[in-house]
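Peer 1: Here's my sequence, what's the structure:
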Amino acid sequence: ATGYALQGAEDRGVFFISPGVRVYGGMIVGEYTRTQDLDINVCKTKKLTNMRASGSDTLVAFQAPREMVLEKCLEWIHDDELVEVTPQTIR
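Peer 2: Sure, this is the predicted structure:
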């Protein structure tokens, strides 16, 4: 996941991941503010050009990602969903 992509979608909801986390297709990376699901590309990078512009390289600040422990995950999911548990993460 890149900081550029997460910054662009930050106003749409709360993320469970931070920049630099390895992601896969179909992975749930956050909670959308509306009821339906939203597919986003969190690996999108900024287009590079040869031109410099003042203020184009700004420091990116994020909200802290929501930490999900096993108990919270089990309360949060619906009956038709699963929780992925690995030695390093709980998704």
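
Peer 1: only C-alpha atoms for contact and neighbour calcs from this point on.
Peer 2: Will do.

Peer 1: Could you work out the end-to-end span of stretch 33-49 for me?
Peer 2: 34 Å (CA to CA, to the nearest Å).

Peer 1: Quick check: mean pLDDT of it?
Peer 2: In this model, stretch 33-49 carries a mean pLDDT of 82.

Peer 1: What are the buried residues along it?
Peer 2: Neighbour counts over stretch 33-49 (16 or more other CA atoms under 10 Å) mark V42, C43 as buried.

Peer 1: neighbouring contacts of that stretch?
Peer 2: A1, T2, Y4, A5, L6, A9, R12, G13, V14, Y32 (CA atoms under 8 Å, 6 or more residues apart in numbering).

Peer 1: Please repeat the previous calculation with a cut-off of 6 Å.
Peer 2: By CA atoms under 6 Å, 6 or more residues apart in numbering, the list of residues contacting stretch 33-49 from outside reads A1, T2, A5, L6, G13.
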